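Q: Build me a model:
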Amino acid sequence: MAVEDSELKWDAREGIVQSAIPQEELARLSDDIIAALKTVYDPEIPADIFELGLIYKIDIEDDRMVRIVMTLTAPGCPVAGEMPGWVENAIGAVEGVSGVEVEMTFDPPWTPERMSEEAQVAVGWY
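A: All right, here's what the predicted structure looks like:
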């Protein structure tokens, strides 16, 4: 019994998420969203939340809805209730974004190793 040629082919693109947003627009949105995230600072640490490594995931959906998965430096952070609103406001101001949804997670927990070199310099650890 012969195996059909089509059954033997493997598509390397399988599993890659495709977007209806043109590539140039997606690149601009991504850059602008990251720039917006860099305007939000942890009030206890002199570095922005992006460089601190608090942003775990950024999804831009075809309808330009932005979904963020983020954490805090500690579950008991005094701004835990306010930080998602700060993130929503910052990203919501980006041209072309239709809406923002922020999900907080503590899995995996944040550790200082997630900080960029820029954040390490800002806090004097580098």
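Q: Would you mind checking the average pLDDT for stretch 118-126?
A: Averaged over stretch 118-126, pLDDT sits at 84.
Q: same check, this time on stretch 41-50
A: 89.
Q: do the same with stretch 70-90
A: The model assigns stretch 70-90 a mean pLDDT of 91.
Q: Flag every buried residue along it.
A: Using 16 or more other C-beta atoms under 10 Å as the test for burial, stretch 70-90 gives 70, 71, 72, 73, 77, 83, 84, 86, 87, 88, 90. In this view, the C-beta of every residue, glycine as well, is placed from N, C-alpha and C.
Q: Turn those residues into a markdown table, columns for secondary structure and distance to residue 53.
A: Listed next are those as a markdown table, based on DSSP: H, G, I helix; E, B strand; the rest coil; distance: C-beta to C-beta, whole Å:
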| residue | secondary structure | distance to residue 53 |
| --- | --- | --- |
| 70 | strand | 10 |
| 71 | coil | 9 |
| 72 | coil | 11 |
| 73 | coil | 9 |
| 77 | coil | 14 |
| 83 | helix | 14 |
| 84 | helix | 17 |
| 86 | helix | 17 |
| 87 | helix | 14 |
| 88 | helix | 20 |
| 90 | helix | 17 |
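Q: doesn't residue 37 make contact with residue 90?
A: Yes: counting by C-beta atoms under 8 Å, residue 90 touches residue 37, with 6.5 Å between them.
Q: Contacts only, for the residue most central in space within the chain.
A: By C-alpha atoms, centre = their mean, the mean C-alpha position of the chain lies nearest to residue 58, the distance being 3.0 Å. Applying C-beta atoms under 8 Å, 6 or more residues apart in numbering, we find residue 58 in contact with 30, 33, 34, 66, 67, 68.
Q: ok, of these, which come out buried?
A: By 16+ other C-beta under 10 Å, the contacts of residue 58 give 33, 66, 68 as buried.
Q: Out of the residues you listed, name the ones that lie in strands.
A: 66, 68 (DSSP state E).
Q: So which of the buried ones among the contacts of residue 58 is the closest to residue 118?
A: For these, the closest approach to residue 118 (C-beta to C-beta) belongs to residue 33, at 17.8 Å.
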